[in-house]
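**Q** coords please:
(one chain, ligands or ions: 1)
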Amino acid sequence: MKRLMLIAASLFVAAPAGAFEYMSFCEDEPTGVAWNFEEGPLTWHLSSTHVSTDLSEDEVRSAVLGAFNQWNEPACSLVPSQQGVAIAAEPFDETVDEVVIGFHEDAWPPSLGAGLLALTRIEFDATACELFAGDIAVNGADWTWVSGQPDGKDGEADLQAVMTHEVGHLLGLNHTQLGGSSMNFPYEYSLAWRTLGCDDSGGICDLYPSGDASCTDSAYCPCGNPCEDGFCDGLTFEDIEGECWQRFLPEESLMETEPNNATEDTVPFQLTGGDVVLSGSSLDCGNDGLQPSADLDWFNFDAPCSGRVFITLEPQAGDADVDLHVFDDTEAVADVQTRDTGSIEALEVEIGEDFQMLVYCWEGSATDYELRIQYLSPGEKPIFPVDEAPDACDCSVGSRPAGGAFAMLLVVLGLSRQGGRGRGVPSSPSA
Ligand SMILES: [Zn+2]
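**A** All right, here's what the predicted structure looks like:
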């Protein structure tokens, strides 16, 4: 079943002052529909057929990137996004699954609402509480797009300001009544919308909580939680449990102590859920490469959460052939057993709250080493300790779920210009 719903005038709906609004509530949860970033970042595409005649492709890209970057400013949220290749499609083409951003330059389709600046369309599954598709159409027929302070009298509008507002819709936020917010309506012919206010930050942190309460500015903390001493005062994340990627705690440094050559005789390292750097010393080597060293370094970990991690083992001695194994409750889940000397061992693996690692050496000099555990957020690429960057993740969230009967809604939100079509002087843009 597919329903079409137009809410271009939703700003007239009474809302408590200062409270952000969701585009749509989830069916069974008291929260709004949101993108699921577990499989990768939101990938957006510029239309190659519907381009701006006012701004260059670089200027348009810069405006869209600026908009997404702004929504990533609050540390309390995580909104991974990336630009995909340009797509030869009109925005709002329902046969195209990808998120397309494009301009109507010859004529703005009357069906989209006369005189609007831009429109955002989203598709979501309220039962699954997920957004899974969307597009942004920009009205280049009735508006002149600029990059910088617009002159409202000439029907000019700053693309980055309007994009920040529209990307807010794309991410699941509706209009708010609180002034100083990008999601506050109407457009003020200024650059103000380029920058989030505390209500925008509260909304995005509610939909995509990262678990990180750090901050540089109160505008990037939810209203009522001002930035003090580098943290949003009083901000808590009661809804987040169990996944380390959401914590982003400071890196922990731990030191291995001998003897730790069996799983049983090691007291577990009590982790807090952040990244870990573990220094190991004097791993015995000196074998012929056919037998592992008698010195087995076992590490037992007790973490408060599970997660996808990137583990690297870096021996200090260039001729040491070290191996790394990872066990989840004594079940081997991953290992690297290369026979190269002097190489950094690396693996990406999903680990639970209790896990073990084994480090040992086959041949070469006795060596100190560094063991790093990096917890990865969805879509986050591992940071390799040297120049050998790992293969880029080819993943995207902007695709329609395969199969299944989705209760799909199509919601269109936009901005209406006072007086509708035309380029007359806006007396007071307060539609
Ligand atoms: Zn809007």
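
**Q** Low-confidence regions, the protein specifically.
**A** 1-18, 237-243, 245-250, 263-266, 286-287, 329-331, 334-342, 377-380, 385-431 (pLDDT under 70).

**Q** Could you chop it up by domain?
**A** 2-243+406-414, 249-375 (automatic domain parsing).

**Q** quick one: the last one to chain centroid distance?
**A** From the chain centre to the centre of domain 249-375 is a distance of 30 Å (C-alpha atoms, centre = their mean, to the nearest Å).

**Q** same question, the longest one
**A** Centroid separation between domain 2-243+406-414 and its chain, computed with C-alpha atoms, centre = their mean, is 14 Å.

**Q** Check the secondary structure at residue 290 for me.
**A** Following DSSP: H, G, I helix; E, B strand; the rest coil, the label given to residue 290 is coil.

**Q** ok so, going back, name the stretch among the domains of the chain that sits most buried.
**A** Across these, averaging neighbours per residue (mean count of other C-beta atoms under 10 Å) puts domain 2-243+406-414 on top, at a mean of 19. Where C-beta positions appear, they are placed from N, C-alpha and C, glycine not excepted.

**Q** the helices in the stretch 1-150 of the chain, which residues?
**A** For the stretch 1-150 of the chain, the helices defined by DSSP state H, counting those that start in this stretch cover 57-71.

**Q** now the strands: where do they sit in it?
**A** 2-6, 21-22, 34-35, 42-46, 81-83, 99-104, 118-125, 130-139, 144-146 (DSSP state E, counting those that start in this stretch).

**Q** Now these in a markdown table, please, with extra columns for distance to residue 295.
**A** A markdown table is the format used below for the strands of the stretch 1-150 of the chain (distance: least, C-beta to C-beta, whole Å):
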| stretch | distance to residue 295 |
| --- | --- |
| strand 2-6 | 64 |
| strand 21-22 | 57 |
| strand 34-35 | 48 |
| strand 42-46 | 47 |
| strand 81-83 | 44 |
| strand 99-104 | 53 |
| strand 118-125 | 54 |
| strand 130-139 | 49 |
| strand 144-146 | 66 |
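
**Q** one step back: dump the domains of the chain into JSON lines; add distance to residue 384 as well.
**A** Compiled in JSON lines, those are given as follows (distance: least, C-beta to C-beta, whole Å):
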{"stretch": "domain 2-243+406-414", "distance to residue 384": "19"}
{"stretch": "domain 249-375", "distance to residue 384": "7"}
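
**Q** what's the next secondary structure element after the helix or strand residue 313 falls within?
**A** For residue 313, the enclosing helix or strand under DSSP states H and E is strand 307-315. Counting by DSSP H and E, the next helix or strand C-terminal to strand 307-315 is strand 322-328.
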